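K.L.:
I'll drop the sequence and a predicted model, then ask my questions.
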Amino acid sequence: MRRLAAIVAADVVGYSRLMGEDEEGTLERLKAHRRDLVDPKIAEHHGRIVKTTGDGLLVEFASAVDAVQCAVGLQRGMAERNSAVPQEQRIEFRVGIHVGDIIIEDDDIYGDGVNIAARLEGIAESGGVLVSQAVHDQVRDRLELSFEDLGERELKNIARPVRVYRFGAAVESRRGPAPAALSLPDKPSIAVLSFSNMSGDAEQEYFVDGIVEDIITGLSQLRWLFVIARNSSFTYKGKHVDVRQVGRELGVRYVLEGSGRRSGNRVRITAQLVEARTGNHLWADRYDRPLEDVFAVQDEITESVIGCIQPEVYAAEHDRVRRKPPQSLDAWESFIRAMFLYSQHSDTSTRESLSMLDRAIGLDPSYAQAHGLRAVCLAWRAFQGWENRATAFGEAAEAADHAIACDPGEPWAFLARGFIAVGTWRDSEAVDAFSRTIDVSPNFAYAHGLLGAAHALGGRPDQAIECIDRGVRLSPRDTFGEEFQLYYAFAYFQAGRYAEAASAARMAIQQRPGHPVPYIMATGAYGLGGDLDKARELAAQVAKLVPNISVSDLEGNFLYCRQEDRSRLATGLRAAGLPE
């Protein structure tokens, strides 16, 4: 016979130790707990005790609500009963709950519903309750209880990962008063917790810890990010903690947590970024990789995690400061708003970005990052024709010099120098500047993309594509995603791969439809590729975006450093019917 049921599995933590130290006393205390608290709670919530072991219980409920209420009442009652008992003599339960199909034979039950509850109980903490997603979904709107999402966990002998939630109000009476919350730093702050080792093999602990240490090291290289040291974040190792507690105790806005599992020649890492104050999940990903070279795998996963975290943290910070009036923003918050405005790449937004950067610099004249971004923003506006090129490039160069005077390792300043070099066809200087940016900030995805653009515009498409691929790999959801597509278009066109160039340029147009350069690249690529209908259609759109545009002007002044490449682009534009 089968039926759906809520299953509660519970056992006593450290039962063998307790029995070894005081067998008679332990049995007597356990019987008293059963008689006075446990059995009455089960009866109160209409549960059926299926079986008992020396230290454990298996209980069936018809309702997930009843099962959770019983478990929570049990743990709260045990915390009260243990409050005056010495730590070494306390009897503490851990509980797992799952809703699933069970098989009934005589008075016993079997099946995944039982197995998953038992596995959850096995990884629960003393005094804790872990529930599966099936349970959580049924009770979250019916009970006024707080749950912490622990993410997906791989349970022994269970085919698929199970999403696990922890009851957040469980009391561990051995803990003293919660420490006072630390004040937050004046820039984004993060703690990387020790990842759970899901392999079941203690020998693999070093591997999982090594990946986390690499992530911490990589994040620590980002000047704009405050990163808690390993020695502090690893104090939570092996504990199921509420990220809100971590945020308070370590004084951080964000927490990165995850798990690792190594099996045969494969490794699986899961990671999730959580806002500590609210417990909201900002980002999560899973990495399955062959384990051919342990260090290469560590580097790849570290780079992927860092690349994904950076735009997510910037986005979260922008959402936070967007709710504040501009006059109340501090220097860092003004920079964050300026960064967002610059990323919109419009005439209006970049002008507003410069205004916010001027505010940041007014509040902190030595703010190197603000000087550097101001230089990049000025150079970008010059590229778009929104500023006089000579004047804007001169002002950008001054801002870049000021940034480097404040901080010789400021990556945005070197980025600006690369922009200026590209705009004046100084190919080798552009490559040097973007390479220098990467030297001081190895995981700066935008810099890798721009280095690729410099190689493409200088006539080296293979090197260009390799660099752009690197940038996309580091930050697959980058704020400047449409620019990466434009850089691909530069490279593919230079290599004579016109269909791919047109496709990449069209993707850039879809993401940011108001910029003329992707239209120019798509028009020229279609013109040389022989698709004249599409070429003429796009040429008409180019003429609307830039009313006075001419092929001769582009042939003399477009970004390609070599005249032969500008002339080839002009040939495609003429074929499309763009005015001479």
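P.N.:
It's in. Nothing here was measured: the structure is a model prediction, and the numbers come from that model. Numbering: from 1, shown residues only.
K.L.:
my read: Glu410 touches Ala368, true?
P.N.:
Yes - here Glu410 reaches Ala368: they are 4.2 Å apart, a contact under CB atoms under 8 Å. To be clear about C-beta, it is placed using only N, CA and C from the backbone, and glycine gets the same treatment.
K.L.:
pull the residues that contact stretch 515-526.
P.N.:
Residues from elsewhere that reach stretch 515-526 (CB atoms under 8 Å, 6 or more residues apart in numbering): 345, 384, 482, 485-486, 489-490, 492-493, 498-499, 501-502, 505-506, 508-509, 512, 532, 534-535, 538-539, 541-542, 545-546, 549, 554, 558-559, 568-573, 576, 578.
K.L.:
okay, and the residue lying farthest from the centre of the chain sits in which element?
P.N.:
Distance from the centre of the chain peaks at Glu24, with 52.2 Å (CA atoms, centre = their mean). Assigned by DSSP states H and E, Glu24 falls within helix 23-33.
K.L.:
mind listing what's buried in the very next helix or strand once past that helix?
P.N.:
Proceeding C-terminally, helix 23-33 gives way to helix 39-44 as the next helix or strand, assigned by DSSP H and E. The neighbour-count check on helix 39-44 (16 or more other CB atoms under 10 Å) flags Lys41, Ile42 as buried.
K.L.:
same question for stretch 80-92.
P.N.:
Buried residues in stretch 80-92 (16+ other CB under 10 Å): Arg81, Asn82, Arg90, Ile91, Glu92.
K.L.:
Gly238 belongs to a strand?
P.N.:
No - assignment of Gly238 by DSSP: H, G, I helix; E, B strand; the rest coil gives coil, placing it outside any strand.
K.L.:
just want the phi and psi numbers for it.
P.N.:
Phi and psi for Gly238, reported as degrees, to the nearest 10, are phi 80, psi 0.
K.L.:
and the buried residues of stretch 80-92, which two are furthest apart?
P.N.:
Arg81 and Glu92 (10.2 Å; CB to CB).
K.L.:
what's the distance between the spatially closest residue to Leu363 that is not a sequence neighbour and Asp209?
P.N.:
Once flanking residues are discounted, Leu363 sits nearest to Ala331: 4.1 Å by CB to CB, 6 or more residues apart in numbering. Between Ala331 and Asp209 the computed distance is 36 Å (CB to CB, to the nearest Å).
K.L.:
which of these two has more neighbours?
P.N.:
Ala331 (21 against 17; other CB atoms under 10 Å).
K.L.:
spit out the contact partners of that one.
P.N.:
Per CB under 8 Å, 6+ apart, neighbours of Ala331: Arg359, Ala360, Ile361, Leu363, Asp364, Tyr367, Ala370.
K.L.:
pretty sure the first one is touching Ser334, no?
P.N.:
This means Arg359. Yes - the pair Arg359 / Ser334 is scored as a contact, 4.7 Å apart, by CB under 8 Å.
K.L.:
so if I had to pick from those two, which one is more boxed in?
P.N.:
Neighbour count, other CB under 10 Å: between Arg359 and Ser334, Ser334 has more, with 24 against 21.
K.L.:
C-alpha coordinates for the helix or strand containing the more buried one, CSV please?
P.N.:
Per DSSP H and E: Ser334 is located in helix 331-343. In CSV, the C-alpha atoms belonging to helix 331-343 read as follows (Å, rounded to 0.1, in the frame of the first residue of the first chain):
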residue,chain,number,x,y,z
ALA,A,331,31.6,59.6,-2.6
TRP,A,332,31.3,55.8,-3.1
GLU,A,333,27.6,56.0,-3.8
SER,A,334,28.0,58.8,-6.3
PHE,A,335,30.6,56.6,-8.1
ILE,A,336,28.2,53.7,-8.2
ARG,A,337,25.5,55.8,-9.7
ALA,A,338,28.0,57.2,-12.2
MET,A,339,29.0,53.7,-13.1
PHE,A,340,25.4,52.8,-13.9
LEU,A,341,24.8,55.9,-15.9
TYR,A,342,28.0,55.4,-17.9
SER,A,343,27.0,51.8,-18.7
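K.L.:
tell me the buried residues in it?
P.N.:
Buried residues in helix 331-343 (16+ other CB under 10 Å): 331-343.
K.L.:
same check, this time on stretch 56-66
P.N.:
Going by neighbour count (16+ other CB under 10 Å), the buried part of stretch 56-66 is Gly56, Leu57, Leu58, Val59, Glu60, Phe61, Ser63, Ala64, Val65, Asp66.
K.L.:
looking at those, spot the one nearest Leu415.
P.N.:
Ala64 (54.3 Å).
K.L.:
how near is Leu219 to Tyr165?
P.N.:
27 Å.
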